[in-house]
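Chemist: A structural model of the following input is requested.
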Amino acid sequence: MTTFTRRALVLGSRSNGLERTVDPTLSGPSLAGYGRFSSGHQNKRRKQSVQFMRAFLTKILRPAAFVFVSATLAACGVSMGPIGNQGAAPPPKAVLSVTDAGVAGLTSETSYGPKAIGAAMPGYQIETIQTAGETGTQWTYAAFLNGLQMAQIFKGTGGKIGVVHGVGDAVAGPNGERLGMSFAQSRLPRSACRVGTGLWRGMGICKAANTEKVTLIFAISGFTGPFDRLPPANQFDQATLQRILWTP
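Modeler: Now for the predicted structure:
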């Protein structure tokens with residue numbers, strides 16, 4: 001028998017539904033006993049620490065330099081290539097697609113309820129969550145696969161499902177869109193987008209190419225406005241895809 005649970009998600013950030021826990025035993029090493037070592041032993045440990053830090057910084061700074069150069073090129077308008085930068089780790093294999101036809105087995109005829117949604121998405125765990133849409137927060141159903149949240153199913157009219165949000169890293173849009181890609185990588189024109197309102201103010205709400213029912217939600221991290229219009233092109237090109245929406 002399927003068990004349905006309720007959980008609240010943190011709003012205002014992209015989330016795959018994972019809940020982080022902290023092990024209280026992992027509080028770091030104690031310094032209380034360090035005074036018992038001899039000076040020779042301390043010098044040896046100090047030398048080992050220096051060697052370790054040199055190796056550690058070498059490993060850290062090289063990738064950091066790459067990120068800095070990439071960010072500089074992007075700011076100068078240099079193309080960063082196709083979806084999924086060649087220098088970055090590829091996204092996981094897509095296991096859920098959002099198209100005009102629907103999401104998995106979800107269609108405009110699917111009833112709004114855990115049993116009907118579960119039957120349309122075999123292998124997924126259906127739970128209730130609280131999440132945010134453009135106009136406010138509400139309790140909805142969410143589909144989890146192996147503990148990862150993949151989709152949020154909102155209530156529609158007439159007892160049927162409404163809009164479905166694709167929110168997992170293994171979700172793909174109708175043209176291969178993946179969460180985390182930039183607006184520039186989507187190759188959409190600005191004319192395909194409007195500015196978001198309410199809880200999505202300042203975000204780009206864009207119609208996916210070659211579709212009627214799929215919408216892409218882009219956001220700029222740390223964007224400070226103005227919120228009544230789309231950001232300037234040089235900023236909006238760096239906005240990242242947060243959700244893929246299907247509307248029955």
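Chemist: Domain map for this protein?
Modeler: According to automatic domain parsing, the chain comprises the domains 37-75, 96-246.
Chemist: where in the chain is pLDDT low?
Modeler: For the chain, the stretches with pLDDT under 70 are 1-89.
Chemist: most tightly surrounded among the domains of the chain?
Modeler: domain 96-246 (a mean of 18; mean count of other CB atoms under 10 Å). Where you see a C-beta, it was placed from the backbone N, CA and C, and this is true even at glycine.
Chemist: For that one, measure first residue to last.
Modeler: Start and end residues of domain 96-246 are separated by 12 Å (CA to CA, to the nearest Å).
Chemist: Could you do stretch 102-115 as well?
Modeler: Note: stretch 102-115 ends 18 Å apart using CA to CA.
Chemist: Contacts for it next, please.
Modeler: For stretch 102-115, contacts defined as CB atoms under 8 Å, 6 or more residues apart in numbering pick out 2, 4, 96-97, 101, 116-117, 119-122, 124, 126, 128, 141, 143, 151, 153, 155-156, 159-162, 164, 166, 246, 248.
Chemist: So for Pro90, which of the domains of the chain sits nearest?
Modeler: Proximity to Pro90 (CB to CB) singles out domain 96-246 among the domains of the chain, at 9.3 Å.
Chemist: So what does the closest residue in space to Lys207 that isn't next to it in sequence look like in phi/psi?
Modeler: The spatially closest residue to Lys207, leaving aside those adjacent along the chain, is Ala192, at 5.0 Å (CB to CB, 6 or more residues apart in numbering). Backbone dihedrals for Ala192, given as degrees, to the nearest 10, come out at phi -80, psi 0.
Chemist: Tell me the spacing between Ala192 and Gly133.
Modeler: 20 Å (CB to CB, to the nearest Å).
Chemist: Over to Ser191?
Modeler: Ser191 is 24 Å from Gly133, by CB to CB.
Chemist: try Gln235
Modeler: Separation of Gln235 from Gly133 (CB to CB): 24 Å.
Chemist: try Gln185
Modeler: Look at Gln185 and Gly133: by CB to CB, they are 25 Å apart.
Chemist: Please apply the same query to Phe183.
Modeler: For Phe183, the distance to Gly133 - CB to CB - is 21 Å.
Chemist: Likewise for Leu216?
Modeler: The value you get for Leu216 to Gly133, if CB to CB is used, is 15 Å.
Chemist: Contacts for stretch 183-203 next, please.
Modeler: Residues outside stretch 183-203 that contact it (CB under 8 Å, 6+ apart) are 11-12, 79-83, 132-137, 177, 204-209, 216-220, 223, 225, 227-231, 233, 236-242.
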